[in-house]
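# With the input below, show me the fold.
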Amino acid sequence: MQPGRSRILLGVTLIFAALLGWTAFAGIVVSGQSVDDSRSGRLVAVFPPGTGRHATLDRLSRTEASLVQDSILPFVWTLYSAEPGLARRLRQSGAIGVFPDTGLLRCLSLES
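Prediction:
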């Protein structure tokens, strides 16, 4: 293998390893913040990546929650409802995770 190609391969491998490590770290941090089904208020819902925007908005309209903001990731949404059980309704509508609007999730939703 040529010396230039081996450096490129090493660089790509290191970048991939760093991204994989960051993803694992973020997953551990975020999974510990998941809220119980009875929670309401301002919450961040994470839908499966690849879910279309229109399909997600259609699902969210059935939760009777107000859309506060979308995010830099098209499958992460910040919502609000004072009615009890918002987290349960979001999970029933397809959310794979429901979290309080704080910390890492607040960063993803571009809140200041």
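# and stretch 58-70, how far from the chain's centre?
15 Å (CA atoms, centre = their mean, to the nearest Å).
# Now the terminal residues of that stretch, how far apart.
Across stretch 58-70, the terminal residues are separated by 14 Å (CA to CA, to the nearest Å).
# what do you get for stretch 24-39?
Length of stretch 24-39, first residue to last, CA to CA: 26 Å.
# and what of stretch 58-75?
End-to-end distance (CA to CA), stretch 58-75: 13 Å.
# Could you check it and say which residues are buried?
Using 16 or more other CB atoms under 10 Å as the test for burial, stretch 58-75 gives 59-60, 63, 65, 70-71, 75. C-beta here means a position set from N, CA and C on the backbone, and glycine is covered the same way.
# In strands, which of the residues you listed appear?
Among the buried residues of stretch 58-75, DSSP state E puts residue 70 in strands.
# Check which helix or strand residue 6 maps to.
Assigned by DSSP states H and E, residue 6 falls within helix 3-31.
# Which elements pack onto that helix?
Where contact means 3 or more CB pairs under 8 Å, 6 or more residues apart in numbering; DSSP states H and E, helix 3-31 is packed against strand 97-100, helix 103-108.
# Quick check: the residue nearest the centre of the chain vs residue 73, distance?
Centroid-nearest residue in the chain, with CA atoms, centre = their mean: residue 46, separated by 3.9 Å. As judged by CB to CB, to the nearest Å, residue 46 and residue 73 stand 8 Å apart.
# residues near residue 100, how many?
Applying other CB atoms under 10 Å, we find 16 residues neighbouring residue 100.
# got a list of what it touches?
When contacts are counted by CB atoms under 8 Å, 6 or more residues apart in numbering, residue 100 touches 33, 35, 39, 42-44.
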